[in-house]
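Student: Sequence first, then the predicted structure:
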Amino acid sequence: MLLQCVTCDARRPDTVIFDDFEKAQTQWSLRQSGSRGAQVVTTEARHSGTQSLLSETDRYGLQNIRAEFRYKDDGSCVSFWYLLEYDPVDSPDTCLTVGLHSETDDRFYSTVLPCPEPARWNLFELETAGISPLLIGDWIDQLSIGGVGRAVPLKLHLDDVRIENHGPKRKPRHTAASAPVDCPRALYFPRGVMPEQAEAYADAGINAVFLREPSQEAAVEWTAYGQKCGFAVWLVIPAYYDVRQWMDSARLRSAVFADGLPDDLVCPLQDDYWKLFVLPILLQWVRLSCFAPIQGILLDTNAVGSVHSSYTDVDSCLCDDCFARFLDISGINERIESFPPPDRWGWLTDNKLVLKYREALELRTRIRAEILRERIRAENGNLRLGVLDFRDTWINAGLAAGFGDAEAPSMVVARDPTFGRGYSAAVRWYSERLEQRSVHHHWVPGFDLKEFSPQDLSAHLLAATTAGDGYWIELPVEPAADGETPRVAPPTVEFLNALRSTKHDATSRGGKSSAVRRRSKLTDEKQ
Ligand SMILES: [Zn+2]
């Protein structure tokens, strides 16, 4: 699962640091965000020798910082053994975080490994470029290893922490022959934005646009521009709306979460909701796609208009119907009447059935999505499907699984883990979690334009296209007066140049990107 550090014979690895924590004195400091935390060298657990470094916090996260070293990256590699203790039920989105500080530009770059297997020793091994393409060739002087989770305790053991320089051969993830054909270089446009600058973007290499809920007229206009300029049009359609009136009149069922009270979100697996709302809305667009060249539809599972904005892993629907079906498919011979709503979550946790419950909801979502996919294919067999703002929860994973197959994988269009952080090996790890569950998909990493300078953005986009992932970018929206449609600012020359550099590299994969080379050269001149 992790990138191998393959040592090239001609280049001997130089050990920059090696900490096995066998000496009592440690050079590591701790930052933690809970109210209680500690770091100590301990014999309680170790991967090798007799001791390891143990750090802990009572909530949210911690970071172990190692300083007092300095080297210039020349293909360096970070490796260590770790054992992370956390509760995957209460904190299902816990991540291991690994970062390096660049002395060259005085910034920390980091990557996140999602949901490491808890309570066992694992090897982490990654070349510096996998933490961030912006570290290539920099002077590096700090290492950070930690974990982030929810308001639950986190314990991290570290052993045999090593940085080696002149180590790995840098290899592109895909060869030109195996690179996926549908590698989008996409821009996301909010509702109401018209294709005024479409030609300039297409000229700079953009080959797809994601349009949020356009009017039918606007969608047709965009597809005409798409045909003229050579980009594909995807629609972003919300799946969950405020249907409180329908729930108040008992036509639709509310979701019920751990507190046992009816929520302002609808039960996400309710047949009538999909029949009355989601399917008719989608079919309008599917029918339009038979006449206007629309490449695909992305469903957004964030709720529109309700107080509770989304269904998460922790918030699994416990309504009468969902809970009764779980009892039924799990072969639990009890009547739903024996489980008053406020007792249901406690009963699942007490009986260690929470993960099984989430799996059952994911499977039901997958079946629903497969039925929807077949219904849509009956109208337009070429239309692709996907999920926007994908997070690895039962609802998103279920939809992605049901929307795609080997022939037409679903598009997983995600903000995490790149949106404000930049491109890193985390994209591969998040995608691999879906592959392990046989979800046919293409993971498209997202970038928030306002978080990056054009030069940095260029390096991240190049790394993403070289890896064969492609990218999507969210543009800053100018505030609109009441009743007016939002506008995105016209593109700057620097932004268009950043896009243009990926247009070239997307077709000539392999080796270090030209923008990264340019940056490294500037870096060298600064030293
Ligand atoms: Zn339900």
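Tutor: That came through, no problem.
Student: what's the span of stretch 282-301 from first residue to last?
Tutor: 14 Å (C-alpha to C-alpha, to the nearest Å).
Student: pLDDT weak spots in the chain?
Tutor: Low-confidence regions of the chain, defined by pLDDT under 70, span residues 1-12, 24, 26, 167-182, 483, 504-527.
Student: For it, what lies in contact range of the ion?
Tutor: 267, 317, 319, 322 (C-beta under 5 Å from the ion). (Each C-beta comes from the backbone N, C-alpha and C, glycine too.)
Student: what about residue 50, how many neighbours?
Tutor: 10 (other C-beta atoms under 10 Å).
Student: dump the residue contacts of residue 495.
Tutor: By C-beta atoms under 8 Å, 6 or more residues apart in numbering, the contact set of residue 495 is 449, 454, 457.
Student: Tabulate those (CSV), appending secondary structure and neighbour count.
Tutor: What follows is these, written out as CSV (DSSP: H, G, I helix; E, B strand; the rest coil; neighbours: other C-beta atoms under 10 Å):
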residue, secondary structure, neighbour count
449, helix, 18
454, helix, 17
457, helix, 25
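Student: In CSV: the residues you listed, plus distance to residue 231.
Tutor: Formatted as CSV, the contacts of residue 495 follow (distance: C-beta to C-beta, whole Å):
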residue, distance to residue 231
449, 18
454, 21
457, 19
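Student: Closest one of the residues you listed to residue 249?
Tutor: The shortest approach to residue 249 among these belongs to residue 449, at 43.3 Å (C-beta to C-beta).
Student: about what we covered before: among the contacts of residue 495, pick out the one closest to residue 487, please.
Tutor: Ranked by distance to residue 487 (C-beta to C-beta), these are led by residue 449 at 14.4 Å.
Student: Do I have it right that the closest one meets residue 474?
Tutor: Yes: between residue 449 and residue 474 there is a contact under C-beta atoms under 8 Å: 6.4 Å.
Student: on that earlier part again, just the residues of the chain next to the ion now: which is nearest residue 432?
Tutor: residue 317 (27.7 Å).
Student: wait, that closest one sits on residue 311?
Tutor: Yes: if you go by C-beta under 8 Å, residue 317 and residue 311 touch, sitting 7.2 Å apart.
Student: three-state assignment of residue 104?
Tutor: Here residue 104 is coil, with the state taken from DSSP: H, G, I helix; E, B strand; the rest coil.
Student: Now it: closest residue in space, sequence neighbours ignored.
Tutor: Excluding the flanking residues, the one nearest residue 104 by C-beta to C-beta, 6 or more residues apart in numbering is residue 138, at 4.1 Å.
Student: quick one, what contacts the one you found?
Tutor: Contacts of residue 138 by C-beta under 8 Å, 6+ apart are 72, 73, 102, 103, 104, 105, 523.
Student: Who wins on neighbours among these?
Tutor: Neighbour-wise, the contacts of residue 138 (other C-beta under 10 Å) top out at residue 73, 24 neighbours.
Student: Where do the helices of the chain begin and end?
Tutor: Along the chain, counting by DSSP state H, helices occupy 128-131, 198-203, 216-229, 244-248, 271-273, 279-289, 320-329, 341-350, 354-379, 394-403, 426-435, 454-466, 493-505, 514-526.
Student: Just give me the neighbour total for residue 49.
Tutor: When neighbours are counted by other C-beta under 10 Å, residue 49 registers 12.
Student: Wait, it touches residue 22, no?
Tutor: Yes: with contacts counted by C-beta under 8 Å, residue 49 reaches residue 22, the gap being 4.9 Å.
Student: residues touching the closest residue to the ion within the stretch 401-527 of the chain, list them.
Tutor: Going by C-beta to the ion, the ion is nearest to residue 402 of the stretch 401-527 of the chain, at 17.5 Å. Each residue near residue 402 by C-beta under 8 Å, 6+ apart is listed here: 365, 366, 367, 368, 369, 370, 371, 372, 373.
Student: give the contact list for the residue nearest the centre of the chain.
Tutor: Centroid-nearest residue in the chain: residue 416, 3.2 Å away (criterion: C-alpha atoms, centre = their mean). Residues in contact with residue 416, defined by C-beta under 8 Å, 6+ apart, are 390, 391, 430.
Student: excluding its backbone neighbours, what's nearest the last one?
Tutor: So the one you mean is residue 430. Residue 430's closest residue in space is residue 114 (C-beta to C-beta, 6+ apart), at 5.7 Å.
Student: likewise the second one?
Tutor: The spatial neighbour of residue 391 that comes closest, neighbours along the chain excluded (C-beta to C-beta, 6+ apart), is residue 416 at 6.1 Å.
Student: For that neighbour, give me the backbone phi and psi.
Tutor: Main-chain torsions, residue 416, degrees, to the nearest 10: phi -70, psi 150.
Student: The one 3 residues further on too?
Tutor: When quoted as degrees, to the nearest 10, the phi and psi of residue 419 stand at phi -50, psi -50.
Student: so how far is residue 450 from it?
Tutor: Residue 419 sits at a distance of 11 Å from residue 450 (criterion: C-beta to C-beta, to the nearest Å).
Student: Near the closest residue to residue 359 other than its chain neighbours, how many other residues are there?
Tutor: Excluding its sequence neighbours, the residue lying closest to residue 359 (C-beta to C-beta, 6+ apart) is residue 394, at 7.5 Å. The number of residues packed near residue 394 is 24, by other C-beta under 10 Å.
Student: the more surrounded of residue 419 and residue 450?
Tutor: Neighbours were counted for residue 419 and for residue 450 using other C-beta under 10 Å; residue 419 has more, 16 against 9.
Student: For the more buried one, which residues are in contact?
Tutor: Neighbouring residues of residue 419 by C-beta under 8 Å, 6+ apart: 446, 447, 448, 451, 474.
Student: do the same with residue 425
Tutor: When the contact criterion is C-beta under 8 Å, 6+ apart, the partners of residue 425 are 3, 111, 126, 130, 131.
Student: go again using 6 Å as the cut-off
Tutor: 111, 126, 130 (C-beta atoms under 6 Å, 6 or more residues apart in numbering).
Student: So the residue nearest to it when sequence neighbours are not counted versus residue 468, what's the distance?
Tutor: Leaving aside its chain neighbours, residue 425 sits nearest to residue 130 (3.6 Å; criterion: C-beta to C-beta, 6+ apart). Per C-beta to C-beta, residue 130 is found 15 Å from residue 468.
Student: what's the answer for residue 389, then?
Tutor: Residue 389 sits 22 Å away from residue 468, going by C-beta to C-beta.
Student: And residue 398, how far from residue 348?
Tutor: Counting by C-beta to C-beta, the separation of residue 398 from residue 348 is 18 Å.
Student: Looking at the two, which one has more neighbours?
Tutor: residue 398 (27 against 22).
Student: So that one sits against residue 364, correct?
Tutor: No: contact criterion C-beta atoms under 6 Å: residue 398 and residue 364 do not qualify, at 7.2 Å.
Student: Mind splitting the protein into its structural domains?
Tutor: Here the domain parsing of the chain from automatic domain parsing is 14-165, 186-517.
Student: Let me know how buried the residue lying closest to residue 269 once chain neighbours are set aside is, in neighbour terms.
Tutor: In space, and not counting its chain neighbours, residue 269 is closest to residue 364: 5.4 Å by C-beta to C-beta, 6+ apart. Around residue 364 there are 19 other residues, counting by other C-beta under 10 Å.
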